[in-house]
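Participant: fold the following for me, if possible:
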Amino acid sequence: MIILAIDPGSERTGFVVMDSNGIPLLFDKIDNATLIVGLYRLIKDNAVTDVAIEMVESYGKSVSASIFETCIMIGRIEENIRAHHGGVREVRVMRKDVKLALTGNYSNKDADVRQACINRLGYRPKGMANDMWAAQAVGITYIDIKNGHYTSIKERTKNI
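Facilitator: Residues are numbered from 1 along each chain as shown. Predicted structure coming up:
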């Protein structure tokens, strides 16, 4: 299993290609247009089997226009994957699930999530910046969900 984990943004998107143990093989932060144009090659050249995308969630507060731009970007990524990569599994991962899975507390900060990723990897990959760490966290959470080590909030509450 090779995972492409994505932290979408309104203008630029962080991504990490990782193996099934969460070891990063390739990571970067690029502008959204470049990602959309290069997504086909990124998936094909790295034999990606699964794509985990961080999903925007509502916390009951008003949001800026950039949040809506990020939602559009998520849709563009998903549309591209569905149109060109029929065998690739695509999953949305909620930020609260990332925080709970990695730190045990959904009110923890990004620095806590980053530290949890470093602890999990056992090292700090040189050159990995903030949005790439967020993508790494999304990928690790996806691996935990897929391997049954973490149950998402959505799954735990779907029969309530």
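Participant: host element of V16?
Facilitator: Per DSSP states H and E, V16 falls inside strand 12-19.
Participant: same for that strand, what does it pack against?
Facilitator: strand 2-7, strand 24-31, helix 32-45, helix 130-146 (3 or more Cβ pairs under 8 Å, 6 or more residues apart in numbering; DSSP states H and E). No exception for glycine: its C-beta is placed from N, CA and C like everyone else's.
Participant: just the endpoints, please. Distance across stretch 98-109?
Facilitator: Counting by Cα to Cα, to the nearest Å, you get 11 Å between the two ends of stretch 98-109.
Participant: run the chain-centre distance for it.
Facilitator: 15 Å (Cα atoms, centre = their mean, to the nearest Å).
Participant: mind checking which helix or strand of the protein has the lowest mean pLDDT?
Facilitator: Least confident helix or strand of the chain, by mean pLDDT, DSSP states H and E, is helix 153-157 with a mean of 66.
Participant: next one: the lengthiest helix in the chain to chain centre, how far?
Facilitator: Counting residues, the longest helix in the chain under DSSP state H turns out to be helix 65-84. Relative to the centre of its chain, helix 65-84 is centred 13 Å away, using Cα atoms, centre = their mean.
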